[in-house]
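In: Mind looking at a prediction? Sequence and model below.
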Amino acid sequence: MNAIPIDFRLSNQACLLSVPILLTLVGFSVFWFISKDSGIKRRFYEESDTNLDNTNHIFFTKVVGFLSMGLIPLVIMLVLFPNTDLAYYGFTIIPETSMLSLLWIVLLSVAVIPLAYFSAKKPKNLLNYPQIRTREWSRRTFYLNLFGWFIYLVGYEVLFRGTLLFPIYQLVGLWPAIAINVALYAATHIPKGIEETIGAVPLGIVLCILTLQTGTLWIAIFVHVALAWTNSLTALKFHPDIHYNSRKKDV
């Protein structure tokens, strides 16, 4: 009885290719299952029935996303591959590409903000957004929503356009790296529906290319934050059952 021989040796290049993919899978899975865990939800809701509990739970999930997808995978990569640093993963400022980054941040924001504004008003979108379902938002709720989205998307982009993109690009080239990146990126949008999943493909391709051209994460981070903030605040404005009250006092 014979078997086809397999080479089980693990080279440094194979690790640099495999580890980011596995970290992406594990990082997003940890975030997803913690954010949906019914036992964790009960801890935020069991002691009080006030609307504030929803705010706290959603903000908690954003922090979890920042840690599980952003900070922890990045630290693991820095420890496993000490020849890399923050600049290698796009956390840097490159004077030569700074103006290009600023230009694309402005151009893409001008393009995506109106699209997000008009799509956010659709009844289908209002079923899911804003994620904080508190009927009456206070100032605390308003700013926690903005800050939560910001730190979550920093972690999200550090993972997809940093930890995942740069090592694979260095090893296999542009289009295989983009294919792997966009496939995983779009897959994380499947729970949000077909429209967001399809929309993630062209956006993911553009963000990957611009990230590699500038060598930094800033375009991806700021454009994604602009998109999320516009969607969230537009949904707040047009949702029939959720309103902002700056005079509301949190209990």
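Out: Received the coordinates, thanks. Residues are numbered from 1 along each chain as shown.
In: so how far is residue 43 from the nearest residue to residue 138 once chain neighbours are set aside?
Out: Leaving aside its chain neighbours, residue 138 sits nearest to residue 248 (4.0 Å; criterion: Cβ to Cβ, 6 or more residues apart in numbering). Just so you know, the C-beta spots here come from the backbone N, C-alpha and C atoms, and that holds for glycine as well. Distance of residue 248 to residue 43, computed by Cβ to Cβ, to the nearest Å: 24 Å.
In: same thing with residue 209?
Out: Noted for residue 209: a distance of 42 Å to residue 43, by Cβ to Cβ.
In: And residue 220, how close does it get to residue 212?
Out: 11 Å.
In: Comparing these two, which residue is more hemmed in?
Out: Neighbour totals were compared for residue 220 and residue 212, and residue 220 leads with 31 against 17 (other Cβ atoms under 10 Å).
In: Do I have it right that the residue nearest to residue 138 meets residue 135?
Out: No: Residue 248 is beyond contact range of residue 135, at 10.3 Å (criterion: Cβ atoms under 8 Å).
In: Compare the two (neighbour count), which wins?
Out: Between residue 248 and residue 135, counted using other Cβ under 10 Å, residue 248 has the larger neighbour count: 17 against 11.
In: so what's that one up against?
Out: Residues near residue 248 by Cβ atoms under 8 Å, 6 or more residues apart in numbering: 136-139.
In: Strands - which of those land there?
Out: Within the contacts of residue 248, residues falling in strands by DSSP state E are 136-137.
In: In CSV: the contacts of residue 248, plus distance to residue 126, neighbour count and pLDDT.
Out: Shown next, in CSV, are the contacts of residue 248 (distance: Cβ to Cβ, whole Å; neighbours: other Cβ atoms under 10 Å; pLDDT from 0 to 100):
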residue, distance to residue 126, neighbour count, pLDDT
136, 17, 12, 90
137, 15, 22, 93
138, 21, 20, 91
139, 22, 14, 92
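In: I'd like the contacts of residue 248 laid out as a markdown table, including distance to residue 204.
Out: A markdown table is the format used below for the contacts of residue 248 (distance: Cβ to Cβ, whole Å):
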| residue | distance to residue 204 |
| --- | --- |
| 136 | 36 |
| 137 | 31 |
| 138 | 35 |
| 139 | 34 |
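In: ok, so of the contacts of residue 248, who is nearest residue 29?
Out: residue 137 (30.6 Å; Cβ to Cβ).
In: Pull the contacting residues for the spatially closest residue to that closest one that is not a sequence neighbour.
Out: Leaving aside its chain neighbours, residue 137 sits nearest to residue 244 (4.5 Å; criterion: Cβ to Cβ, 6+ apart). Counting by Cβ under 8 Å, 6+ apart, residue 244 touches 136-137, 142, 236.
In: how does it look with 10 Å?
Out: Residue 244 makes contacts with 134, 136-139, 141-142, 145, 233, 236-237, as judged by Cβ atoms under 10 Å, 6 or more residues apart in numbering.
In: Show the backbone phi and psi for it.
Out: Residue 244 adopts backbone torsions of phi -100, psi 130, taken as degrees, to the nearest 10.
In: Could you measure from it over to residue 141?
Out: Using Cβ to Cβ, we find residue 244 at a distance of 8 Å from residue 141.
In: contacting residues around the closest residue in space to residue 20 that isn't next to it in sequence?
Out: Nearest residue to residue 20, sequence neighbours excluded (Cβ to Cβ, 6+ apart): residue 164, at 4.7 Å. Each residue near residue 164 by Cβ under 10 Å, 6+ apart is listed here: 19-21, 23-24, 27, 69, 73, 77, 89, 158, 177, 180-181, 184-185, 208.
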